[in-house]
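Trainee: make a model of this:
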Amino acid sequence: MNSLKTLNKYFFRYKTKLILGILFIFLSNAAQVYIPILLKDSVDALQKHLSNEIIIKYALLIVGTAIFGGVFRFLIRTTIIIVSRRIEFDLRSDFWEHIQKLPTRFFQNNSTGNIMAHATNDISAVRMYIGPAVMYSIDTISKFIIIIVIMLNLNVWLTIYALIPLPILSFLVYKLSKKIHSRFTKIQEKFSELSSKAQESFSGIRVIKSYVREQDEIKQFTKLGKDYLNRNMEMVKIQAFFMPMLFMITGISVIIVMWIGGSMVIEGTLTLGEIIAFIAYLSLLIWPVIAFGWVINIIQQASASMKRLLKIFAEIDDVEDSSDSVKTKVEIKGGIEFKKVSFKYGKELPTVLDNINLKIPVGSSLAIVGHTGSGKSSLINLIPRLFDVTKGEILIDGINVKQIPKSILRKSIGLVSQETFLFSDTLFNNIAFGLEKPNTEIIENVSNISQLKKDIDSFSQGYETILGERGITLSGGQKQRTSLARALAINPKILILDDSFSAVDTHTEEEILNKLKEFMKGRTSIIISHRISTVKNADNIIVLENGIIAEQGKHDDLVALNGIYADLHNKQLLEEELKEIE
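Mentor: Numbers count the residues shown, from 1 in each chain. Below you'll find the predicted structure:
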């Protein structure tokens, strides 16, 4: 329940509308509880004197009171329920904003489906507390108090007898609410698993079809679906017991009133109008009691969901701007230096990079080669601070990257990762993604450099071609060249290419590299590749092996060294010779 207190700041934003909504609740309830008094008065008046005038008078009063209450009931929904929707929007926006600020590490440890379940199901459950639960809580409590006061005023002893079953109800609600909270938490956890599986299957549908694993996926999803169903059924069993229990207990109260109240009417200590009013008030109490149980249910579900959301909100960006970040605008030129840099992905995980010392002068090119798992991608991911170094420091133009605001740092770096990601949008918007104001001339220029323009010209809709999810409508090479164009469009001072030509043929790759020579004049470039032909013209080449720089130098020097680089070079030369023979 404490988790729901964090919503108070959202309630405070809309306090005026909420206060109005509460006022409307009291006015609506006042009208509703006045109707039994009118019934009492009308019955007692008709017993004394039967006439059409009395019937019309009280009929009009009852209808008028009902309309009055109905108008305010409508106004309740136009205030409190609308506020709940606005708070839901605010909460979802804050959640989205927070998620965007979290580091790469968070997304490595949390599945997309799980995060989506938080953003949809959990926030929806919390909204039910913000709107219906809050509204009905105030409504039922206020109505309950007003009705009890009126009933006591009519007859104290009959009221006490009528309320005897209610402590039993309170005890049962308390016991069941704990079970509801526990079971709903399990339901939400299973829903996250279900969402993760669905998202993963949709993303990997081509692999599933290629390996004819559709039936296996159906079986796995069906198993998860059955687990989710079973957990829901456990909740349904409680709810199935909950509502009949409420009706039964309130029904016992009605029986008590009819029995004892009837005796009082016979004895003459209670009028017929009073017992009719009493029964009417008991019928009005049935909904507050039922609503109370329903509200408890909603609150427990919302509490479970809010706890899950707060775990996400508690996540912090461990790659934050330093407190002594450069406040003035930093003009990055592109000189990079690694000083005794070591890195690992977690305290308990092995070291990925160990004591890296490296200088990359402004406007120069560095190539990185090495076997799979040698730490190449980890090294370049430290420059834009997708991760922070474990030991040592990285300097850009002599300034520690931690002292450069991330927004400035990352806008100065064009990173093309080995895993291309394109949005389900037009080709133009994908290339212009990093630009504040898209410019056609810039887009055409970078498309030309990346050798993408000739492909675009062949598309019937050109730059306005809509790409499928993750760019599924493009070939692997086209996706890589689109990602390259996107990186070039931001006019970076540092360009990092992480094996970004693996799906491009050698002829096209050579054309791209020739175009890049002109574009990269005065800029710093870092290229990771398994192809020696891609890296041989770099100003400096390093060979990573088990997280350390095993070899370093120019192409010819490394070939002469007859080490790891020379071995890679010779193998690729042999492969080319074999292809020519074929």
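Trainee: tell me which residue is most central in this protein.
Mentor: In the chain, the residue lying closest to the centroid (CA atoms, centre = their mean) is Ala119, at 3.3 Å.
Trainee: quick one, strands of the stretch 101-250 of the chain?
Mentor: Here the stretch 101-250 of the chain has no strands by DSSP state E, counting those that start in this stretch.
Trainee: in it, where is pLDDT below threshold?
Mentor: 170, 174, 177-178, 181, 203, 206-207, 210-211 (pLDDT under 70).
Trainee: show me where the stretch 451-582 of the chain has its strands.
Mentor: In the stretch 451-582 of the chain, the strands defined using DSSP E, counting those that start in this stretch lie at 494-498, 524-528, 540-545, 548-553.
Trainee: and the ones you listed: which comes nearest Ser196?
Mentor: Nearest to Ser196 among those is strand 494-498; the distance by CB to CB comes to 26.7 Å. Quick note: C-beta positions are derived from backbone N, CA and C, even for glycine.
Trainee: what's the closest one packed up against?
Mentor: For strand 494-498, the packing partners by 3 or more CB pairs under 8 Å, 6 or more residues apart in numbering; DSSP states H and E come out as helix 376-381, strand 413-416, helix 476-489, strand 524-528.
Trainee: is it possible to get a markdown table of those that adds distance to Glu575?
Mentor: Listed next are the helices and strands packed on strand 494-498 as a markdown table, based on distance: least, CB to CB, whole Å:
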| stretch | distance to Glu575 |
| --- | --- |
| helix 376-381 | 21 |
| strand 413-416 | 25 |
| helix 476-489 | 19 |
| strand 524-528 | 20 |
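Trainee: which of the ones you listed sits closest to Leu27?
Mentor: Nearest to Leu27 among the helices and strands packed on strand 494-498 is helix 476-489 (58.5 Å), distances taken as CB to CB.
Trainee: measure how far that closest one is from the centre of its chain, please.
Mentor: Relative to its chain's centre, helix 476-489 lies at 28 Å (CA atoms, centre = their mean, to the nearest Å).
Trainee: what lies in contact with that helix?
Mentor: Identification of contacts with helix 476-489 by CB atoms under 8 Å, 6 or more residues apart in numbering yields 414-417, 420-422, 427, 430-435, 442-443, 446-447, 449-452, 455, 471, 474, 495, 497, 500-505, 508, 512, 519.
Trainee: mind listing what's buried along that helix?
Mentor: By 16 or more other CB atoms under 10 Å, the buried positions in helix 476-489 come out as 477-489.
Trainee: quick one: average confidence on it?
Mentor: Averaged across helix 476-489, the pLDDT comes to 86.
Trainee: pull the CA atoms of that helix into PDB?
Mentor: The C-alpha coordinates for helix 476-489 follow below in PDB (Å, rounded to 0.1, in the frame of the first residue of the first chain):
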ATOM      1  CA  GLY A 476      21.400  -6.800 -45.200                       C
ATOM      2  CA  GLY A 477      23.800  -4.600 -47.300                       C
ATOM      3  CA  GLN A 478      21.100  -1.900 -47.800                       C
ATOM      4  CA  LYS A 479      20.400  -1.800 -44.100                       C
ATOM      5  CA  GLN A 480      24.100  -1.400 -43.300                       C
ATOM      6  CA  ARG A 481      24.400   1.400 -45.800                       C
ATOM      7  CA  THR A 482      21.300   3.100 -44.500                       C
ATOM      8  CA  SER A 483      22.800   3.000 -41.000                       C
ATOM      9  CA  LEU A 484      26.000   4.500 -42.300                       C
ATOM     10  CA  ALA A 485      24.100   7.300 -44.100                       C
ATOM     11  CA  ARG A 486      22.300   8.000 -40.800                       C
ATOM     12  CA  ALA A 487      25.600   8.300 -38.900                       C
ATOM     13  CA  LEU A 488      27.100  10.600 -41.600                       C
ATOM     14  CA  ALA A 489      24.000  12.800 -41.700                       C
END
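Trainee: what separation is there between the residue nearest to Asp425 when sequence neighbours are not counted and Asn430?
Mentor: The shortest distance from Asp425 to any non-neighbouring residue, by CB to CB, 6 or more residues apart in numbering, is to Leu467 (6.6 Å). Per CB to CB, to the nearest Å, Leu467 is found 6 Å from Asn430.
Trainee: more neighbours, these two?
Mentor: Asn430 (24 against 20; other CB atoms under 10 Å).
Trainee: I'd assumed Phe423 was in contact with that one.
Mentor: Yes: Asn430 is within contact range of Phe423, at 5.8 Å (criterion: CB atoms under 8 Å).
Trainee: residues near Arg127, how many?
Mentor: The tally of other residues near Arg127 (other CB under 10 Å) stands at 21.
Trainee: what sits against it?
Mentor: Contacts of Arg127 by CB under 8 Å, 6+ apart are 84-85, 87-88, 91.
Trainee: change it to 6 Å
Mentor: 84, 88 (CB atoms under 6 Å, 6 or more residues apart in numbering).
Trainee: gap between it and Leu75?
Mentor: Using CB to CB, Arg127 is found at 20 Å from Leu75.
Trainee: now do the helices in the stretch 201-350 of the chain.
Mentor: Ranges of helices in the stretch 201-350 of the chain, per DSSP state H, counting those that start in this stretch, are 205-210, 214-256, 262-267, 272-313.
Trainee: pull the contacting residues for Gln301.
Mentor: Per CB under 6 Å, 6+ apart, neighbours of Gln301: 125, 184.
Trainee: try 8 Å this time
Mentor: If a contact means CB under 8 Å, 6+ apart, then Gln301 has 125, 128-129, 180-181, 184 as its contacts.
Trainee: among those residues, name the ones in helices.
Mentor: Among these, DSSP state H puts 125, 128, 180-181, 184 in helices.
Trainee: ok, those residues vs Asp317, which is closest?
Mentor: Using CB to CB, the ones in helices among the contacts of Gln301 come closest to Asp317 at Ala125, 26.5 Å.
Trainee: I figured that closest one was touching Ala302, is that so?
Mentor: Yes: counting by CB under 8 Å, Ala302 is a contact partner of Ala125 at 5.3 Å.
Trainee: who has more neighbours, those two?
Mentor: Taking other CB under 10 Å, Ala125 and Ala302 do not tie; Ala302 has more neighbours (25 against 22).
Trainee: can you pull the pLDDT of the more buried one?
Mentor: Here, the pLDDT recorded for Ala302 equals 81.
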